[in-house]
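> Got a predicted structure plus its sequence, pasted below:
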Amino acid sequence: MKTIKTILIIIIILVLIPVLSWLLWSFKPSQPLDIMVVNKTVHSFDRHEHRALFWLLVHDKYIKPDNKVYNVNKDYFGFHPMKPTKSRKYDIKRIMLTEIDDLVDEYDMVYYADTYGIFFNEWYRARDAKDKGTLIEGGLNNNDYLFLKKMYDEGKLIIGEYNFFAPPTDDLVRIRTEDLFGLNWSGWIGKYFDNLNPDKGKDIPGWVVDYYNSKNSSDWAFTGHGIILVNQTTKDVVVLEAEKHLEMNVPEIQTTDYGMNTFNLPESTFFPSWFDITYSDENLVVAEFKIHITIEGKSVLDQYNLPSRFPAVIESSDGASFYYFCGDFVEYPVKMFTAKLKGVSIIEGLFYNNKPTSHSKFYWTYYRPLVNQILENYQATVSK
């Protein structure tokens, strides 16, 4: 009898806590903010390339002009897969030239989550081949640039992420966008990999190995942990191997004093996902990437004039509300159903571990407070 009572109590607690948490979220005051999200790289219906951003918007109850919370499946510009999956049908919601003025008037801010795009072979054949095929949708185009410039001139909030300047963006559009925001993309991108053997480390793109083999006398034969750096312009590939070239396997983000004080960020965190090497002499550096290299690792980087420390978060210093995240910050498979549970942050530690290779800790302890504070600061200026 005692066991039955215990089970009933546990069941009641498991039911009551989520219900109460949802009720508390329901009564939470909403925050009107008209946000445009752009994602040109949506391969599946889980929207993992921007889901984590929408979790934050729903949890903090940012609402659209129709007083509804944001819908992760519908409320974005870019590539929209259509059901059924096997049909491979899609729709594309683009920024049209004739609509730019109206869009700038309508939206308070824009967040470019991913511009890598969708290629024929990756979409229809579901494979990462050396030849990705023709581009279906992707990259910044001239309409994006004109829209961004007008948003910038109007003082609207702009957030861009990794792959903002990289191919398939046209070189002329990239240069104009760099000039607009005072940034300079080096052409280099990189990422930590648990296993450098492509047969075991399935997330190593085939084109990276192909670039390496085409540039070197010997074929790819790396194993173990490491960091891969790729120049998407010259097709050079640098492989930093654990212990041989690296003192610490995973790149670290180190926050400046300004970043810690302004955005309530931790002093440091590990970042195992894709990043790019982008410079800026005109803007504020909120945080920097640090690759912890050995003497041998430094000699490898020196061959390509590559730094071991470079910007991770950049903020405009001319009074404009512009931020550039030099990494794939937003891609994290958070569960959307938890977004409407107030108080989930109290137990957020249950959602991540302290392993350097885990993106979850980065999301909960770094990305979330960073974006929260940016939105809060901007909304305070909009509401004045």
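Perfect, I can see it now.
> any low-confidence regions in the stretch 251-384 of the chain?
For the stretch 251-384 of the chain, applying pLDDT under 70 flags the ranges 345-352, 382-384.
> all strands of it, in order?
252-255, 268-270, 275-279, 284-290, 309-315, 322-325 (DSSP state E, counting those that start in this stretch).
> Just list what the helix or strand hosting residue 123 packs against, helices and strands only.
Applying DSSP states H and E as the criterion places residue 123 in helix 120-124. Counting contacts by 3 or more C-beta pairs under 8 Å, 6 or more residues apart in numbering; DSSP states H and E, helix 120-124 packs against strand 135-137. Any C-beta I mention is one placed from the backbone N, CA and C, and that applies to glycine too.
> Flag every buried residue along the strand it packs on.
Buried residues in strand 135-137, counted by 16 or more other C-beta atoms under 10 Å: 136, 137.
> Partner strands of it and their direction?
strand 118-119 (antiparallel) (DSSP bridges).
> any idea of the mean pLDDT for the strand it pairs with?
What strand 118-119 shows for mean pLDDT is 91.
> what do you get for stretch 134-154?
Stretch 134-154 comes out at a mean pLDDT of 96.
> surely residue 360 meets residue 332?
Yes - judged on C-beta atoms under 8 Å, residue 360 makes contact with residue 332 at a distance of 6.7 Å.
> More neighbours: which of these two?
residue 332 (22 against 15; other C-beta atoms under 10 Å).
> Put the alpha carbons of the helix holding residue 123 into CSV.
What follows is helix 120-124, C-alpha atoms only, in CSV (Å, rounded to 0.1, in the frame of the first residue of the first chain):
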residue,chain,number,x,y,z
PHE,A,120,20.9,19.7,-55.8
ASN,A,121,22.9,16.6,-54.8
GLU,A,122,22.5,17.2,-51.0
TRP,A,123,18.7,17.7,-51.4
TYR,A,124,17.6,15.2,-54.0
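> So which bits of that helix are buried?
Buried residues in helix 120-124, counting neighbours by 16+ other C-beta under 10 Å, are found at 122, 123.
> do stretch 258-278 as well
259, 262-263, 265, 269-278.
> Save those as TSV, and put in distance to residue 42 too.
What follows is the buried residues of stretch 258-278, written out as TSV (distance: C-beta to C-beta, whole Å):
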residue	distance to residue 42
259	30
262	32
263	28
265	29
269	27
270	27
271	23
272	22
273	18
274	17
275	21
276	20
277	26
278	24
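> Contact partners for residue 366?
Residues in contact with residue 366 (C-beta atoms under 8 Å, 6 or more residues apart in numbering) are 253, 265, 266, 269.
> hang on, the first one packs against residue 271?
Yes - between residue 253 and residue 271 there is a contact at 5.1 Å, judged by C-beta under 8 Å.
> Overlap of the contact sets of these two?
289, 312, 327, 362.
> Not counting sequence-adjacent ones, nearest residue to the first one?
Closest residue in space to residue 289, ignoring its immediate chain neighbours: residue 312 at 4.7 Å, by C-beta to C-beta, 6 or more residues apart in numbering.
> any idea how far residue 73 is from that neighbour?
Residue 312 sits 30 Å away from residue 73, going by C-beta to C-beta, to the nearest Å.
> Compute the number of surrounding residues for residue 329.
Around residue 329 there are 27 residues (other C-beta under 10 Å).
> residues contacting it?
161, 162, 273, 362, 367, 370.
> about what we covered before: most neighbours out of the shared contacts of residue 253 and residue 271, which is it?
residue 312 leads these on contacts (other C-beta under 10 Å) with 28 neighbours.
> quick one, what contacts it?
Counting by C-beta under 8 Å, 6+ apart, residue 312 has contacts 253, 254, 271, 275, 286, 287, 288, 289, 325, 326, 327.
> Can you tell me how far it is from residue 110?
Distance from residue 312 to residue 110, counting by C-beta to C-beta: 21 Å.
> Repeat that for residue 254.
From residue 254 to residue 110 the distance is 28 Å (C-beta to C-beta).
> Looking at those two, which is more packed in?
Neighbours were counted for residue 254 and for residue 110 using other C-beta under 10 Å; residue 110 has more, 22 against 15.
> Specify the beta-bridge partners of the more buried one.
Here residue 110 sits in beta bridges with residue 36, residue 158, going by DSSP bridges.
> So what's the gap between stretch 69-83 and the chain middle?
17 Å (C-alpha atoms, centre = their mean, to the nearest Å).
> other SSEs contacting the strand ranked longest in the chain?
For the chain, the strand reaching the highest residue count under DSSP state E is reported as strand 184-193. Packing partners of strand 184-193 (3+ C-beta pairs under 8 Å, 6+ apart): helix 171-181, strand 226-231, strand 275-279.
> okay, now the residue lying closest to residue 344 once chain neighbours are set aside: neighbour count?
Using C-beta to C-beta, 6+ apart and skipping the chain neighbours, the partner closest in space to residue 344 is residue 338 (5.4 Å). By other C-beta under 10 Å, 16 other residues sit near residue 338.
> OK, contacts around residue 338?
55, 59, 344.
> which of these lies closest to residue 3?
Within these, distances to residue 3 taken as C-beta to C-beta reach their minimum at residue 344, with 30.6 Å.
> The closest one touches residue 59, doesn't it?
Yes - under the criterion of C-beta under 8 Å, residue 344 is in contact with residue 59, at a separation of 7.1 Å.
> I'm done for today, thanks for sticking with me.
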